[in-house]
Each structure stands twice: as C-alpha cells, then as structure tokens.
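S.K.: what follows is a protein structure lacking sequence information:
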Ligand SMILES: Nc1nc2c(ncn2[C@@H]2O[C@H](COP(=O)(O)OP(=O)(O)OP(=O)(O)O)[C@@H](O)[C@H]2O)c(=O)[nH]1
Ligand SMILES: [Mg+2]
C-alpha cells in the first residue's frame, strides 16, 4: 500500500467487555510490523483503567489521566471513574489530533482501542466528540469486535447486533463487524444468520426457552422474530469478517475490508459531513442575521425615545481595557514515540509491565 499520497485510515475498535479489542489491536499491529517493509501503525489506548495493554501505545490515556486519582477526587465508582477520565482526556483531544496529523504522512493506520465498558465510549459525549473529531480529520472506520463463542445463542447474537446497529446509526461511519476468536468458534453460523433471516428464525425456534410450558412461542421469541426482520435491513449495510486475534487468522482479509471502507468513507461519509456542516453554517448565519436585525430594531426604538442618551451612546475605543491573551496552554498529551516527553513522570512504586518489545514508530 502506498503510504505517501494517501491519508492514514483510522480504525476505532469498539466491542463488549472482553470481546478481545486490545488483543485485536495488538494482533493488527503485529501483522503490520511483520510486513516488508514494516508499516508500524499509530496506536492510541483510550482505556484509563486497563492494567496492561498487550501492545505499546503511541498515545496512552493513562499518561494524561490517573484513573484511581479521578475516582478518589470525584468520589466515583469504577464506571464513573472511566467516564470522567475520558471526559478529562477529551478536553485535550485537539492536541491528540495534532500529534496524529503530524504522523499522517508516515503511517498507514491509526488504531484506537476503547474502554472495556462499551457504553462509556458509545453513549458518552466524549466518545461522540472523539469519534467526530477523528472522522472529520481522517478516513475512519468502526471495527465492531464480537466475541463469537459467546454469541452462539440466538438471543445473545441478536442483542449484540442490535447494539452494533445503534452504533452504526449513531456514527454513520463505515462499519465492519469483526467476529473474533474464530480459533475457538468459527463464525459460519453468524454469516448464515445474517444472510438469511429465516435460518436465524429456525435456530431461534429450535433453541431452548423459546416456547412456554404449553408450547406457545414466548414473548421473547416473537419479539426476536420481528427484530430479525429489522436487522435484515441493517445487515445489508455491513461488512463482516472473521478473525482470530490469537492466531492472526483473517487479519489480512480485515485489512482488505478496511481498504474498501475507505472508499465508502470518501463516497458516502465525506459528502454527508460537508452537507451537515454547510447546513449548520447556514442555520447559524440565519440566526445571527435575525438577532442582529432584532437588536438594531430595539436600538432604533430606544434612540427614538431618548435622543439625548443616543447622542452619548457611542463606543469609546480608549476606554476599553486590553483583554489578556491566552498563552495557548502547554502541551500535556504525551507521544510516547518522542522520547523523553515533556513532563515525563515515572511512578517507581508502580512499575508498569510492558511485555512486548515492538519497535516504536520512528
Ligand atoms: N482464543 C482466543 N482468545 C482471545 C482472542 N482474542 C482475545 N482473546 C482473549 O479474550 C480475553 C479478553 O481479551 P482483551 O483483548 O483483553 O479484550 P478487551 O475487549 O480488550 O477487554 P476489555 O478492554 O477489558 O473490555 C483475553 O483473555 C484474550 O486472551 C482470540 O481471537 N482467540
Ligand atoms: Mg481492552
């Protein structure tokens, strides 16, 4: 793949807790490093609560926010702590984007690993801000990681797919369903279910607890039958691929799908982004004009009522105080590839185990 002319693709790994997001990011990174010549990706870890990540991130939220300290100071539980840490990190995300953009010429992939609790990223303001910011800067795809062995029950499969559906419609980004852990459970059953909803309904009917004591379909069964029809439409907008983050199976195929998704981003997402932006600008401009017109009308009424005051009501440029200028703020997002980084801090009491020794991007 050419790295000079094209912008890098950003892959956001999202998925249920334990579905294998971090392992997938690690496998993808190892795959890219093993290419000839090696194509090291730019890796971002957004999980503040993870003890060890199996890869060496270029930007790590843990370098900026101390999750335990956030929990203590704001008196929060684990999920509130992760959410607040992510919110705090998001306030500095412009710096992250600057660092990523600096690498845009030299990397082919920017890969983002998200926190274990899926809703913290997908249903929070900061998750939306991060996704939108990245997607406006780079071609972006969502890799929705599914724990295949845990999705063999039709009900679990369907709830996972409904979640995927909600993320697709929320982000509107190219979407790849990654059936992970196929070394344990091949994903052929999932493909069959997605291809033909009748096959899914048959599996549903033969599965336990879909009928009550009298043999009538349960409410759950009827609901899922109807939902499978809804999802049938959703499946048409999806690309899916089976991988094993442990053996590396399917990773090349995944990268092929990412390349196709880049085209989809350029063809569908970018024009839509431009349209929404233009619409927002037009609405804003209209509102500005309306409020200016209203203000001028009010001013004219006031001046007509009190002509003496109107004569004094003039702007005096000498009376204005100089506003203090913002110094731009210091840089406090750390790019680990630039060693040593400003404000480097090493907690000697808690050495961080970094087992992998992948060379960091030059
Ligand atoms: N057999 C097998 N195990 C896997 C695979 N991918 C991940 N795992 C295992 O699944 C478990 C969870 O993997 P993680 O990568 O930590 O999952 P995660 O989604 O990042 O987890 P959280 O961030 O805590 O939500 C680990 O024990 C992994 O070894 C796979 O392809 N095959
Ligand atoms: Mg993880």
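M.R.: Here it is on my side, so go on. Keep in mind it's a predicted model, so treat the numbers as computed, not measured. Ligands and ions are numbered 1, 2, ... in the order given.

S.K.: any idea whether residue 116 is helix, strand or coil?
M.R.: Per DSSP: H, G, I helix; E, B strand; the rest coil, the local secondary structure of residue 116 is coil.

S.K.: does it touch residue 17 like I think?
M.R.: Yes - judged on C-beta atoms under 8 Å, residue 116 makes contact with residue 17 at a distance of 4.4 Å. Quick note: C-beta positions are derived from backbone N, CA and C, even for glycine.

S.K.: and the closest residue to ligand 2 within the chain, what element?
M.R.: Residue nearest to ligand 2 within the chain (C-beta to the ion): residue 22, separated by 3.3 Å. Taking DSSP states H and E as the criterion, residue 22 maps to helix 21-33.

S.K.: go on, residue 234?
M.R.: Remark: residue 234 resides in helix 219-235, with elements defined by DSSP H and E.

S.K.: give the next helix or strand downstream of that helix.
M.R.: Going down the chain from helix 219-235, the next helix or strand is strand 239-242, by DSSP H and E.

S.K.: off-centre distance for the very next helix or strand once past that next one?
M.R.: Following strand 239-242 in sequence order, the next helix or strand is helix 251-264 (DSSP H and E). Mean-position distance between helix 251-264 and its chain equals 17 Å (C-alpha atoms, centre = their mean, to the nearest Å).

S.K.: for the next helix or strand after helix 251-264, which positions count as buried?
M.R.: Downstream of helix 251-264, the next assigned helix or strand under DSSP H and E is helix 270-305. Buried residues in helix 270-305, counted by 16 or more other C-beta atoms under 10 Å: none are found.

S.K.: again with stretch 40-58
M.R.: Applying 16+ other C-beta under 10 Å to stretch 40-58 flags 40-50, 53-58 as buried.

S.K.: what does stretch 22-38 give?
M.R.: Within stretch 22-38, the residues that qualify as buried are 22-32, counting by 16+ other C-beta under 10 Å.

S.K.: how about a markdown table for these, with distance to residue 303 and pLDDT added?
M.R.: Listed next are the buried residues of stretch 22-38 as a markdown table, based on distance: C-beta to C-beta, whole Å; pLDDT from 0 to 100:
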| residue | distance to residue 303 | pLDDT |
| --- | --- | --- |
| 22 | 66 | 96 |
| 23 | 71 | 97 |
| 24 | 67 | 97 |
| 25 | 65 | 97 |
| 26 | 70 | 97 |
| 27 | 71 | 97 |
| 28 | 67 | 97 |
| 29 | 67 | 96 |
| 30 | 73 | 96 |
| 31 | 72 | 96 |
| 32 | 68 | 96 |
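
S.K.: closest to residue 77 out of those?
M.R.: Closest approach between the buried residues of stretch 22-38 and residue 77, by C-beta to C-beta: residue 22, at 22.1 Å.

S.K.: next up, the contacts around the closest one.
M.R.: Residues counted as contacts of residue 22 (C-beta atoms under 8 Å, 6 or more residues apart in numbering) are 45, 47, 50, 53-55, 113.

S.K.: what count of nearby residues applies to the residue in the stretch 51-200 of the chain that ligand 1 sits nearest to?
M.R.: Among the residues of the stretch 51-200 of the chain, residue 116 lies closest to ligand 1, at 2.8 Å counting by C-beta to the nearest ligand atom. By the criterion of other C-beta atoms under 10 Å, residue 116 has 20 neighbours.

S.K.: dihedrals phi and psi, it?
M.R.: phi -60, psi -40 (degrees, to the nearest 10).
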